[in-house]
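Colleague: take a look and give me a structure for this.
(one chain, ligands or ions: 1)
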Amino acid sequence: MDSTTMVLALALGNLALCAALFFFEHVDGRPAALSAWGWARQYQAAGWMLLAIGASGAMPEQLALPVAYALVFAGVTWEAGALWERAGRPRWRRVAAPLLGLAIAAFILCNLVDPIGLRALAASLILGAAYLAGAAALARGWRSASMLQRFLAVAGAVLALVVGARGVLVLAAPSGWGWMSNDMLRQLHGAALYLSALLGAFGWLLLGRERLQGELARLEVVDPVTDLPNRRGFFQALAPWMALARRPGQPTAIVLFDLDGFKRINDSYGHPAGDAVLAALADACKRQLRDSDLLGRLVGVEFAILLPRTGAQEALMVAERMRAAVEVQGVKTERALVKLTASFGVTTIRPEDSNVTLMARADAALRAAKAAGRNRVELAPAAAPLTLHEE
Ligand SMILES: Nc1nc2c(ncn2[C@@H]2O[C@H](COP(=O)(O)OP(=O)(O)OP(=O)(O)O)[C@@H](O)[C@H]2O)c(=O)[nH]1
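Modeller: Modelled structure (predicted):
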C-alpha cells in the first residue's frame, strides 16, 4: 500500500468510526470518557483527511502537513486521555494539554530542521508515546481487569512500540537494518497505525459493553439506592450459613428491621429526599457492623443483617446498638433535618430452618416490636410462629 492510500484509509476509517460514534449512546449527559473519545476520533479523522489532501497536491503540503499532524497528535492524546478518564483519572487534561503543546512545537521544529529523518522520528515517537500512554491506562488494575482489557493493553503497547520504532530506524539506519528494509518498516508502521485505530475503536465499544453487562449483573444483587445487597444478594450470601447451621458449632443470627413511619418522610419531603434518607441511614447502619457481618435491603424500608458466629444475646446487643444509632442519626434533606427510628426483630438460624421459616420468625419478632410501640428490639420466641411470608 503506498503512503497516500494508507493515509486515505486511515482518514476514511476514522470518519466512519466518527459517524458510528456520533449515534452511539448519543444522549444528554454522556459519560466524560466517551465524550473525550468522540473528540479524539474527530481530531484524528480531520488530521488524516488533511494529510491525504496535502499528499494529493490539492493544498500546499508545507501548509497542510503541520496542521494535519497537530490534529492527529491532539486526537491520539485525547484518545489516551479518554482511557485515563475511564480508569478514574478525570484530571488527565492537566498533564495532556501541556505535553501536547510541547509535542506539536517539537514536531514543527524537527520538520523545519530536517523534513525527512527528524520529522519521521518526531512523528513516530509522539504517536508511539500517546499509544503507550493509552495502553498504560488500560493496564491499570491489571489483576482485576478483564481478559479483553488485558489484551487491549498488551496489543496497544506492542503497536505503540512498532509505531515508535520506525522513526528511530529512519534516523539511525536510513537505508534499512539487516533484512528489515526501510520500505518494509514503513509498511509495518502503516499497518500498526491502522490496527491501533481499529483496536482503539472496537476495543472501546466492547469495553463499554463489558462494563454495562457488569453493571447489569451487579444490579441483580445490589440495591441501587443504598448500594447494599438486595433481597436476592442477601439470600445468596445467607445460603452457606443456613447449611452450616445444620452442623454443630457457633450459631448465626439474623436481625430484621424496618424504619418506623417512613411514609411520612416521602409525604412531607418527596420521594428523592426519601431515597437520600434511606442511603444515609444504610451507611450509618453499615458503620455499626463488623466486616464479616452483612447488611441487606430486603424490600421497601425493611433491612436484614446476617451476623455469622453470633448468638442471640450478642445479636440483641448489636440490634440495640443499631437502634440507638438510627435514633440519633439525623439526615439532612434540603428542607429539614430528618430523624427516624426503626424496629428490630432478632433470631438465630435453627438446624431445621428454611429461608421461609427463618424470615417468618424474624418478621414475627419485628411485628411484635412494632406492636409494642416501635423503636424497640424484640427477640423471637423459642417456638416458631407459623405465619409464613413467601420469599
Ligand atoms: N423514598 C423511598 N421510599 C420508599 C422506598 N421503598 C419503600 N418506600 C416507602 O416506604 C414506606 C414504607 O411504608 P410502611 O413500611 O408500610 O410503613 P411506614 O410508614 O414505614 O410505617 P411502619 O408501620 O412503622 O412500618 C412506603 O411509603 C413506601 O412507599 C424507596 O426505595 N424510596
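Colleague: is stretch 225-239 in proximity to the ligand?
Modeller: Yes. Stretch 225-239 is in contact with the ligand by CB under 6 Å from any ligand atom, via V225. Backbone N, C-alpha and C define where each C-beta goes, glycine included.
Colleague: pull out the buried positions in that stretch.
Modeller: For stretch 225-239, a neighbour-count test (16 or more other CB atoms under 10 Å) marks T226, L228, P229, N230, R231, G233, F234, F235, L238 as buried.
Colleague: next: stretch 251-265.
Modeller: Buried, per 16+ other CB under 10 Å, within stretch 251-265: P251, T252, A253, I254, V255, L256, F257, D258, L259, D260, F262, I265.
Colleague: please apply the same query to stretch 186-195.
Modeller: Neighbour counts over stretch 186-195 (16+ other CB under 10 Å) mark R186, Q187, H189, G190, A192, L193, Y194, L195 as buried.
Colleague: contacting residues for Q149?
Modeller: L138, L207, E210 (CB atoms under 8 Å, 6 or more residues apart in numbering).
Colleague: what's the burial count for the first one?
Modeller: Translated: L138. 26 (other CB atoms under 10 Å).
Colleague: now do the same for it: helix, strand or coil?
Modeller: Of the three states, L138 takes helix under DSSP: H, G, I helix; E, B strand; the rest coil.
Colleague: ok, now how distant is it from Q149?
Modeller: In this view, L138 and Q149 are 6 Å apart by CB to CB, to the nearest Å.
Colleague: extract the C-alpha trace of the host helix or strand of A135 and format it as CSV.
Modeller: Under the criterion of DSSP states H and E, A135 resides in helix 117-139. Written as CSV, here are the backbone C-alpha positions of helix 117-139 (Å, rounded to 0.1, in the frame of the first residue of the first chain):
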residue,chain,number,x,y,z
GLY,A,117,14.5,11.9,9.0
LEU,A,118,13.9,14.2,12.0
ARG,A,119,10.2,14.7,11.1
ALA,A,120,9.6,11.0,10.8
LEU,A,121,11.4,10.5,14.2
ALA,A,122,9.3,13.1,15.9
ALA,A,123,6.0,12.0,14.4
SER,A,124,6.5,8.3,15.2
LEU,A,125,7.8,9.0,18.7
ILE,A,126,4.9,11.3,19.6
LEU,A,127,2.3,8.8,18.2
GLY,A,128,4.0,5.9,19.8
ALA,A,129,4.2,7.7,23.2
ALA,A,130,0.4,8.6,23.0
TYR,A,131,-0.5,5.0,22.2
LEU,A,132,1.7,3.8,25.0
ALA,A,133,0.0,6.2,27.4
GLY,A,134,-3.3,4.7,26.4
ALA,A,135,-2.0,1.1,26.9
ALA,A,136,-0.8,2.1,30.3
ALA,A,137,-4.3,3.4,31.3
LEU,A,138,-5.7,0.0,30.2
ALA,A,139,-3.1,-1.8,32.2
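Colleague: okay, now the residue of the chain at minimum distance from the ligand: neighbour count?
Modeller: Residue of the chain nearest the ligand, by CB to the nearest ligand atom: G274 (2.5 Å). Taking other CB under 10 Å as the criterion, the count of residues near G274 is 22.
Colleague: would it count as being in a strand?
Modeller: No. Counting by three-state DSSP, G274 is not part of a strand but helix.
Colleague: skipping its backbone neighbours, what lies nearest it in space?
Modeller: In this structure, G274 finds its nearest non-sequential neighbour in N266, 4.3 Å apart by CB to CB, 6 or more residues apart in numbering.
Colleague: what's the answer for E302, then?
Modeller: Using CB to CB, 6+ apart and skipping the chain neighbours, the partner closest in space to E302 is D258 (4.6 Å).
Colleague: just to revisit the earlier point, go ahead and confirm the residue nearest to G274 touches P272.
Modeller: No. Using CB atoms under 8 Å, N266 makes no contact with P272, being 9.5 Å away.
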